[in-house]
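Peer 1: here are the coordinates; sequence isn't available:
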């Protein structure tokens, strides 16, 4: 389903029309809306979800976002950039990168069967291939929660 955020979920008829082929966007640590309605409804109905835009238009695409990094296709607000840096700090402590975390996070939810990663260059393909698949230590998820950077409802220990 090609929805921008979880608030457009089953309540608004989105799930009823889901064909299982269109990606859901923003199931990343920086976004929380999908946890309330969309993903639980998909799990209940056995609908698989593809999480797209896992880097949220660039904010989580590098180990530490630079000033001017984009979030929702616009420059990230200072508060959003600061939050991404706090997440990066936790990642650094455990030898994990933001891109590794961003690709792993949505796959922790039972409704999510895959991710869609946008890439424009061969170098981006190589970087993303290298960043996909490493096991994220359980302590990373626990530390993100204890720092208030990860919603308590997000399933991370699978």
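Peer 2: Cool, the structure landed. Bear in mind that the values here come from a model prediction, so they are computed numbers and not experimental data.

Peer 1: Tell me how far the lengthiest helix in the chain lies from the chain's centre.
Peer 2: Determined from DSSP state H, the single longest helix within the chain is helix 78-93. Distance of helix 78-93 from the chain centroid (C-alpha atoms, centre = their mean, to the nearest Å) equals 14 Å.

Peer 1: Could I get the buried residue list for it?
Peer 2: Neighbour-count burial for helix 78-93, with 16 or more other C-beta atoms under 10 Å as criterion, is recorded at 80, 81, 83, 84, 87, 88, 90, 91. C-beta coordinates here come from the backbone N, C-alpha and C atoms, glycine included.

Peer 1: same check, this time on stretch 57-73
Peer 2: 57, 58, 59, 60, 61, 62, 65, 69, 71, 72.

Peer 1: So the first one versus residue 87, what's the distance?
Peer 2: What that stands for is residue 57. Using C-beta to C-beta, to the nearest Å, residue 57 is found at 16 Å from residue 87.

Peer 1: Number of residues surrounding the residue lying closest to residue 134 once chain neighbours are set aside?
Peer 2: In space, and not counting its chain neighbours, residue 134 is closest to residue 100: 5.5 Å by C-beta to C-beta, 6 or more residues apart in numbering. Neighbourhood size, residue 100 [other C-beta atoms under 10 Å]: 22.
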